[in-house]
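In: When you get a sec, could you give me coordinates for this:
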Amino acid sequence: MNDYVELRKAIDITLRKLWLLILVALLAASIGYEASRWQIPVYEATTTIMVGQFIQATEISRTDLLTNEVLAQTYADMALRRPVLQGVVDTLDLPDTWRGLKTQVRAKRVEGTQLIQITAEAGSTELAQAIADEVARQLTLLSPKALQNPRKSQASEFVSEQVTNLQKKIELGRARLQELQADSVKAFELQSVEQIQQSQIAIDTLAALISNWESDYTQMLIYLENENRSNSLTIIESAQASSDPVRPRTDLNTALAGAVGFLLALGLVLFLGLRDDRLKSTDDISLLLGITALGAINNINGKHDQDKLLLAHDPASPVTEAYRIIRSNIEFQTADQLMKIIVVTSPGSNEGKSITVANLGIIMAQAGYRTIIVDADLRQPAQHRLFQIANSRGLTETLHSPEPDLVSLHNVLSPYVKLEETIGLPELDLSGQVIDTKVRNLQVLTSGKVPLNPAELLGSQGMRKVLASLSRIADVVICDSPPVVGLTDANILANRADGVVLVIQAGQTHLAAARQAILNLQQANANLIGVIVNQGRLEDGKYYTSIKKLDTSSLVTRQPIPSRTVGSSS
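Out: Here you go, the predicted model:
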């Protein structure tokens, strides 16, 4: 599962940053193109040398072949040595040293042959050809045949002359022998026995002499062939150069620069993206946290916080529809009756928790539920500011005040609740604390003054009585709680609530913080209903495209409780 999540996250990061990757690739390609244009063009020329004289040989042995391959590799290495390259520099009067020329010359043996290819690079085709040809010439000057001593050279020349003379003698001898044989046949009947014997002796003598000449001729040819076979270097192809430069290859450099830029940008994006453990969508919640995503709310436009309430939006707007889906998903958590007390919290601060509470209360009230919002965030209260109501007295004052009698409680609830319905309620006087709003069926119990001991007040017996009293007179009580990570307030409230909703700010809440929040709630034995993703990333600009309703096929739907107004309506 983790591998699948990581792969899915990597693909998601790549798709979201694809525009950036393409931009970086285009920028890198343009840099590669400009850099190629500013480079000096380099041309290349190649000449070919053959080791030995196998072209003239009638028979080739494996030993000869292996010998010449080794010699070819040796000569290829010699072509890059100082004697050859220094000779090229001196002959062509190049403004460079032999070491500098070495970087411009390559020599390699053609596999399976005794051929050597010498390649030279230069700023022009003419200079490249001149260098390649001169390297080949200097290499042939270092061959054993070229370096042989004058005496040995004279011997080779003498043998060559003798071969020529013998060839002529053999040809003349064969012609004379044919004439003698023909004359002997014609004069056979006219000649005496003695003449015939003398003629046969002349034929046999000439034939033996021709045979000796042929034997000497063969030995001399073998000598000459052995003399030239392995020790000769022959330039079989002079330097050839293309009119197109081998460097820079502008098209290839541009493509490679673009590809390298894309891959480097992709690596950096994936490195930073995979290290980023912030939750961004409802799918992240389901896969990474393993809990239900009740829905996602996209960024709500508004200059002030009051402008982000549903009261400022059209009832048919996507944001209102998104909250309706969340309300439905909360309803589906129970088959017969809506949870009475719901605590809304978040892993950290500034995650949109208070605005979510206010809008959730509005959408519940609009469905006909008698709803009371309790601002239990006694550290940074916000509900009085959102609904623009007074906060001189509220939850803090209620928890600090002495307990009233049942009659005073009845005066607060009358005429909305009958007296007999108050029997058994905790005796709390909520007069002046529960304030009506502009929304029908919605009231707010503000926080009051910020106390010095908020956790102790929320954990007191008085808080239990407040929640019990409110749950008797309302269909749903929504508590705005402080963040759950780092504070104990939310854990205390979550333990006393019927259900807890966790608000996560998309792109802000880290996975570790969300997991810690869930762990804290589990340790408090809280009933975690699910998660609301605030400012979640949605497709196609629609709020509801990535909001998934819970599977309700196995649940019994319920009708909203008939509305009984708790406060005045507008």
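In: Poorly predicted segments of the stretch 1-150 of the chain, please.
Out: Along the stretch 1-150 of the chain, segments meeting pLDDT under 70 span 1-5, 53-65, 144-150.
In: need the strands for it, in chain order.
Out: Using DSSP state E, counting those that start in this stretch, the strands of the stretch 1-150 of the chain run over residues 43-51, 105-109, 115-122.
In: want to throw the ones you listed into CSV with mean neighbour count and distance to Asp90?
Out: Bear in mind the C-beta positions are built from the backbone N, C-alpha and C, glycine included. Below are the strands of the stretch 1-150 of the chain laid out as CSV (neighbours: other Cβ atoms under 10 Å; distance: least, Cβ to Cβ, whole Å):
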stretch, mean neighbour count, distance to Asp90
strand 43-51, 22, 19
strand 105-109, 19, 15
strand 115-122, 22, 16
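In: Mind putting those into JSON lines with distance to Asn350?
Out: Shown next, in JSON lines, are the strands of the stretch 1-150 of the chain (distance: least, Cβ to Cβ, whole Å):
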{"stretch": "strand 43-51", "distance to Asn350": "65"}
{"stretch": "strand 105-109", "distance to Asn350": "66"}
{"stretch": "strand 115-122", "distance to Asn350": "64"}
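In: And those: which comes nearest Gly290?
Out: Ranking the strands of the stretch 1-150 of the chain by distance to Gly290, with Cβ to Cβ as the measure, places strand 105-109 first at 62.6 Å.
In: Could you list every helix and strand in contact with that closest one?
Out: With contacts defined as 3 or more Cβ pairs under 8 Å, 6 or more residues apart in numbering; DSSP states H and E, the secondary structure elements packing on strand 105-109 are helix 62-78, strand 115-122, helix 125-141.
In: Can you say which of these is nearest to Gly507?
Out: Distances from Gly507 to each of these were compared using Cβ to Cβ; the shortest belongs to strand 115-122, at 54.6 Å.
In: Could I get the helices and strands packed on strand 105-109 in CSV, plus columns for distance to His510?
Out: As requested, those are exported to CSV (distance: least, Cβ to Cβ, whole Å):
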stretch, distance to His510
helix 62-78, 63
strand 115-122, 57
helix 125-141, 62
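In: who wins for proximity to Leu395 among these?
Out: Of all those, it is strand 115-122 that lies closest to Leu395, at 85.8 Å by Cβ to Cβ.
In: Does anything pack onto that closest one? Which helices or strands?
Out: Secondary-structure packing of strand 115-122 (3+ Cβ pairs under 8 Å, 6+ apart): strand 43-51, helix 62-78, strand 105-109, helix 125-141.
In: Distance to Leu289 added to those, as TSV?
Out: Rendered in TSV, the data for the helices and strands packed on strand 115-122 read as follows (distance: least, Cβ to Cβ, whole Å):
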stretch	distance to Leu289
strand 43-51	62
helix 62-78	67
strand 105-109	62
helix 125-141	67
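In: hang on, the earlier thing: which one of the helices and strands packed on strand 105-109 lies closest to Ile11?
Out: Evaluated with Cβ to Cβ, the helices and strands packed on strand 105-109 place strand 115-122 nearest to Ile11, the distance being 45.2 Å.
In: how many degrees apart are the closest one and strand 43-51 in direction?
Out: Direction vectors for strand 115-122 and strand 43-51, defined by axes from the mean of the first three to the mean of the last three Cα atoms, to 10 degrees, enclose an angle of 160 degrees.
In: Got the domain ranges for the protein?
Out: For the chain, the domain assignment from automatic domain parsing gives the residue ranges 150-230, 277-541.
In: any idea which of the ones you listed scores lowest on pLDDT?
Out: Out of those, domain 150-230 stands lowest, with a mean of 72 (criterion: mean pLDDT).
In: State the helix or strand in which Leu521 lies.
Out: In the assignment (DSSP states H and E), Leu521 maps to helix 511-523.
In: which of the residues in that helix are buried?
Out: 511, 513-518, 520-521 (16 or more other Cβ atoms under 10 Å).
In: just stretch 168-181 next, same as before
Out: Residues of stretch 168-181 classed as buried by neighbour count (16+ other Cβ under 10 Å): 169-170, 173, 177, 180.
In: what do you get for stretch 238-254?
Out: Buried residues in stretch 238-254 (16+ other Cβ under 10 Å): 239, 241, 245, 248, 250, 253-254.
In: Among the residues you listed, which are located in strands?
Out: Cross-referencing the buried residues of stretch 238-254 with the strands (criterion: DSSP state E) gives 239, 241 as the overlap.
In: would you list the buried residues of stretch 238-254 in CSV and tack on pLDDT and distance to Leu233?
Out: Listed next are those as CSV, based on pLDDT from 0 to 100; distance: Cβ to Cβ, whole Å:
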residue, pLDDT, distance to Leu233
Ala239, 86, 15
Ala241, 83, 22
Pro245, 86, 30
Pro248, 83, 34
Thr250, 84, 38
Asn253, 87, 38
Thr254, 91, 42
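In: which residues touch stretch 132-146?
Out: With Cβ atoms under 8 Å, 6 or more residues apart in numbering as the test, stretch 132-146 has contacts from 45-47, 49, 75, 78-79, 83-85, 87-88, 91-92, 105, 107, 118-120, 227-228, 231-235, 238-239.
In: from the middle of its chain, how far away would it be?
Out: Using Cα atoms, centre = their mean, to the nearest Å, the distance from the centre of stretch 132-146 to the centre of the chain it belongs to is 53 Å.
In: same check, this time on stretch 66-84
Out: Going by Cα atoms, centre = their mean, the spacing between the C-alpha centre of stretch 66-84 and its chain's C-alpha centre is 46 Å.
In: The nearest residue to Gly486 once chain neighbours are set aside: what's it in contact with?
Out: Taking Cβ to Cβ, 6 or more residues apart in numbering as the measure, Gly486 lies nearest to Gly348, with 7.8 Å between them; neighbours along the chain are not counted. Neighbour list for Gly348: 483, 485-486, 508-509, 513 [criterion: Cβ under 8 Å, 6+ apart].
In: Ala79 versus Gly348, what's the distance?
Out: From Gly348 across to Ala79, the span is 72 Å (Cβ to Cβ, to the nearest Å).
In: same thing with Ile49?
Out: As defined by Cβ to Cβ, Ile49 lies at a distance of 9 Å from Ala79.
In: For the buried residues of stretch 238-254, give me a markdown table that also has distance to Ile326.
Out: Compiled in a markdown table, the buried residues of stretch 238-254 are given as follows (distance: Cβ to Cβ, whole Å):
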| residue | distance to Ile326 |
| --- | --- |
| Ala239 | 81 |
| Ala241 | 76 |
| Pro245 | 67 |
| Pro248 | 61 |
| Thr250 | 58 |
| Asn253 | 55 |
| Thr254 | 52 |
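In: For Trp19, state which of the buried residues of stretch 238-254 is nearest.
Out: Closest approach to Trp19 among the buried residues of stretch 238-254 (Cβ to Cβ): Thr254, at 20.5 Å.
In: Give me the distance between Glu179 and Thr91.
Out: In this structure, Glu179 and Thr91 are 58 Å apart, going by Cβ to Cβ.
In: Excluding residues flanking it in the chain, which one is nearest Gly273?
Out: Distance criterion Cβ to Cβ, 6+ apart; nearest residue to Gly273, sequence neighbours excluded, is Ile13 at 3.7 Å.
In: Done for today, thanks.
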